[in-house]
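S.K.: sequence and predicted model, in that order:
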Amino acid sequence: MGTRVLIAMSGGVDSSVTAYLLSSAGYDCIGVTMRLYDAETSGRDPARACGNLADIEDARAVARRLGIPFTVLDCRDAFERDVIEAFCRAYELGTTPNPCAICNQRIKFGALLAHARELGCEYLATGHYARVAQLESGSFALMKAVDRTKDQSYFLYGLTQEELAHVLFPLGGLTKQGDVRRIAREHGFENAAKRDSQGICFVPDNDFATFIERRRGRALPEGDIVGTDGTVLGRHRGAIRYTVGQRKGLGVAAARPLYVTGIDARANT
């Protein structure tokens, strides 16, 4: 029996190929899919919700094909508290959150790694495009993936040395189109052509402002767009619809480009 590893399986092609590679390499694999939230949480079409029943069944089918045990871990309460609500509050405070990074830190490499330890697994493996290298000093370094067009190391910046010592990223040295999808096709995975997930999984069409409005049960208040000299330049449709550095979509006509340099959530400007 090889080293035991828990594989996070989303039902997509990346995690499926991850499971195949580790199973083929002789690891003692266990597949797991996290149930993160109900589709109704965001008013999203259930067929497109992250962790939905269709994705769970896709992951289960791959695990069955590979002959590895499979389980579903209910993370809805933690995801609601640590990711969704934190996401909304950050915008309301005038900052721009990164929910994927928070999810990786709190859920995928928090609750999921803890679950791996409960099952006696030495490692947690995911389909992220990133690499981990052990340095001469013995410490671990998070590195970019070979396929720079798919690199996800940025979203993993919060991983600790302890976590890096117990994670595997088998896709870090592969390319998405040339390697991963090819492997999936060659081994008859039904999700070989499944589209990549994009945007924030729990926000329909990446319209986070509408998501927050629906969640809070009220429309975002309009307010002033103010120049650095204090001049009122126009009106906005809710301060959280904008982010520092934004230039397009401000709705202000000017002779020169204008950029958002700050958001005052309290003043709603």
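M.R.: Looks like it came in fine. Every value quoted in this text rests on a predicted model; they were computed, and no experiment measured them. Numbers count the residues shown, from 1 in each chain.
S.K.: how is the chain divided into domains?
M.R.: Annotated domains of the chain cover 4-205, 220-269 [automatic domain parsing].
S.K.: deepest-packed of these, please.
M.R.: Of all the domains of the chain, domain 4-205 carries the top mean neighbour count, a mean of 18, counting by mean count of other C-beta atoms under 10 Å. (C-beta placed from N, C-alpha, C; glycine too.)
S.K.: hang on, the earlier thing: Phe211: which of the domains of the chain is closest?
M.R.: Proximity of the domains of the chain to Phe211 was assessed by C-beta to C-beta; the nearest stretch is domain 4-205, lying at 4.7 Å.
S.K.: from start to finish, how long is that closest one in a straight line?
M.R.: 38 Å (C-alpha to C-alpha, to the nearest Å).
S.K.: again, but for stretch 184-196
M.R.: Using C-alpha to C-alpha, the end-to-end distance of stretch 184-196 comes to 14 Å.
S.K.: same deal with stretch 63-75?
M.R.: End-to-end distance for stretch 63-75, by C-alpha to C-alpha: 20 Å.
S.K.: now stretch 164-174
M.R.: 19 Å.
S.K.: ok, back up a step: I'd like the domains of the chain laid out as a markdown table, including mean pLDDT and distance to Glu213.
M.R.: Shown next, in a markdown table, are the domains of the chain (pLDDT from 0 to 100; distance: least, C-beta to C-beta, whole Å):
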| stretch | mean pLDDT | distance to Glu213 |
| --- | --- | --- |
| domain 4-205 | 89 | 10 |
| domain 220-269 | 90 | 6 |
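S.K.: which among those is found nearest to Arg214?
M.R.: Nearest of the domains of the chain to Arg214, taken as C-beta to C-beta: domain 4-205 at 5.9 Å.
S.K.: quick one: classify the nearest residue to Leu21 once chain neighbours are set aside as helix, strand or coil.
M.R.: Leaving out its chain neighbours, the residue that sits closest to Leu21 by C-beta to C-beta, 6 or more residues apart in numbering is Pro170, at 4.6 Å. At Pro170 the chain is in coil, as set by DSSP: H, G, I helix; E, B strand; the rest coil.
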